[in-house]
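Chemist: Please work out how this folds:
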Amino acid sequence: MFRNMSIRKRIVFMLATVYIVSLALVVAGGGYFLERDVVREAQQKTDLFATVMSNSARYLHNVIRPKAEELLTEDAYFPEGAVGVLMLTEVARYIQEDYPEYIFRFASPNSLNPDNLSDEFEDKIITAFDDGDFEDWKGFTERDGVKYYAVAKPLTAGSDCIHCHDTPDVAHPSQVEQYGTRSGYGYLEGDVVGARFIYVPTDVIQQEAYKRIAYFSAAFSIFFLLVLFAVDRFIVSSVVKPIEHIVEVSEDISRGKLDVEFNVKTNDEIKMLADAFDRMKVSLAKAMDILRQ
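Modeler: Sure, this is the predicted structure:
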């Protein structure tokens, strides 16, 4: 089939093949690098969220808690000013009003607040922290069918945690009344009692990555089609038409019309071919004159 094609069709076919192969490579390569960008962007988002939470915790520990302890009596119950987990959970709730796709959790298998009870995935991570398998964790997971990039850091019981999480009889009566006595107690200082989890959905990031691939592929296709059109015009004007002219003149000469001329304006191999046919025409005319004599 390829042999039966004209020169123009052969070149167009080859360029189209190059376009298809290069587009496939561009999409595959772009997909690989954009997939890495998804991870990088997700890491940036979780790191930013984690930085906000960490600095909020510092502000609570260094400013709010000392002032609250100074102003409140021993019997006062104001956990929002002293309990870091509660304060940061509330800060995260405000952030999630503007960014509802983010999930921030203090999760524990022995949580005081039922809302902070860890699920099966979080239990595995907390157990790994407790076993010393790693100091922090990053990776992909799913929640309710949605894919997330998540980071986790262990939550270790400090000396300031024991007052609320030792035994129910030591805890503030208002706390016991609010949360009960079934969970959230028995903490020992230094134990890993939970972990801080930040979840960022990757679907939106992946959609943006796919859009970038689509836009780049469209731009690449338009550029290649323009190049293909320009190459086709160049081939037609500088190769196909001169060759067609040589074929047409050669056919006329073969029919005995020796007054036709090879008019090729280029100075390339086609011009050399036309000059060779010109010399052949002169030789043929001389041969015919000799035969007539």
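
Chemist: contacts and neighbour counts: CA atoms only from here.
Modeler: OK.

Chemist: my guess is R196 is in a helix, correct?
Modeler: No: secondary structure of R196 (DSSP: H, G, I helix; E, B strand; the rest coil): strand, not part of a helix.

Chemist: Count residues in the vicinity of it, would you?
Modeler: Other residues lying near R196 total 20 when counted by other CA atoms under 10 Å.

Chemist: Could you pick out the longest helix of the protein?
Modeler: helix 7-59 (DSSP state H).

Chemist: And whatever helix or strand comes next after it, how far out from the chain middle?
Modeler: The element immediately downstream of helix 7-59 (helix or strand, assigned by DSSP states H and E) is helix 65-71. Centroid displacement of helix 65-71 relative to its chain, using CA atoms, centre = their mean, to the nearest Å, is 46 Å.

Chemist: Show me which residues of helix 65-71 are buried.
Modeler: 65, 68 (16 or more other CA atoms under 10 Å).

Chemist: what does stretch 45-53 give?
Modeler: Buried positions in stretch 45-53, judged by neighbour count with 16+ other CA under 10 Å: 45-46, 49-50, 52-53.

Chemist: Also stretch 272-280?
Modeler: 274, 277-278.

Chemist: next one: stretch 119-131
Modeler: Buried residues in stretch 119-131, counted by 16+ other CA under 10 Å: 122-123, 125-130.

Chemist: picking that back up, report the rounded mean pLDDT for the longest helix of the chain.
Modeler: On average, the pLDDT along helix 7-59 is 76.

Chemist: which residues touch V91?
Modeler: V91 sits next to M53 when contact means CA atoms under 8 Å, 6 or more residues apart in numbering.

Chemist: now it: how far from D268?
Modeler: From V91 across to D268, the span is 77 Å (CA to CA, to the nearest Å).

Chemist: what does A92 give?
Modeler: 74 Å.

Chemist: Just want to know which of these two has more residues nearby.
Modeler: Each of A92 and D268 has its neighbours counted (other CA under 10 Å); A92 has more, 19 against 10.

Chemist: Could you say which helix or strand holds that one?
Modeler: helix 84-98.

Chemist: Just give me how far that helix sits from the chain centre.
Modeler: Computed by CA atoms, centre = their mean, the chain-centroid distance of helix 84-98 equals 28 Å.

Chemist: And whichever helix or strand comes after that helix, what does it pack against?
Modeler: For helix 84-98, the succeeding helix or strand toward the C-terminus, using DSSP H and E, is strand 103-107. Counting contacts by 3 or more CA pairs under 8 Å, 6 or more residues apart in numbering; DSSP states H and E, strand 103-107 packs against helix 84-98, strand 192-201.

Chemist: which stretches of the stretch 101-250 of the chain have low pLDDT?
Modeler: The model of the stretch 101-250 of the chain has pLDDT under 70 over residues 204.

Chemist: Could you pull out the strands in it for me?
Modeler: Remark: strands assigned in the stretch 101-250 of the chain by DSSP state E, counting those that start in this stretch are 103-107, 137-143, 146-156, 192-201.

Chemist: Output those strands in TSV; the columns should cover distance to F13.
Modeler: Below are these laid out as TSV (distance: least, CA to CA, whole Å):
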stretch	distance to F13
strand 103-107	53
strand 137-143	44
strand 146-156	43
strand 192-201	44
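
Chemist: State the number of residues packed around I290.
Modeler: If you count neighbours by other CA under 10 Å, I290 ends up with 9.

Chemist: So what touches the host helix or strand of it?
Modeler: Here I290, judged by DSSP H and E, is contained in helix 269-292. Outside helix 269-292, the residues that touch it by CA under 8 Å, 6+ apart are 239, 242-243, 246, 250, 253, 258, 261-265.

Chemist: tell me how far that helix is from the chain's mean position?
Modeler: The chain centroid and the centroid of helix 269-292 are separated by 66 Å under CA atoms, centre = their mean.

Chemist: What is the nearest of the buried residues of stretch 272-280 to Y148?
Modeler: A274 (69.5 Å; CA to CA).
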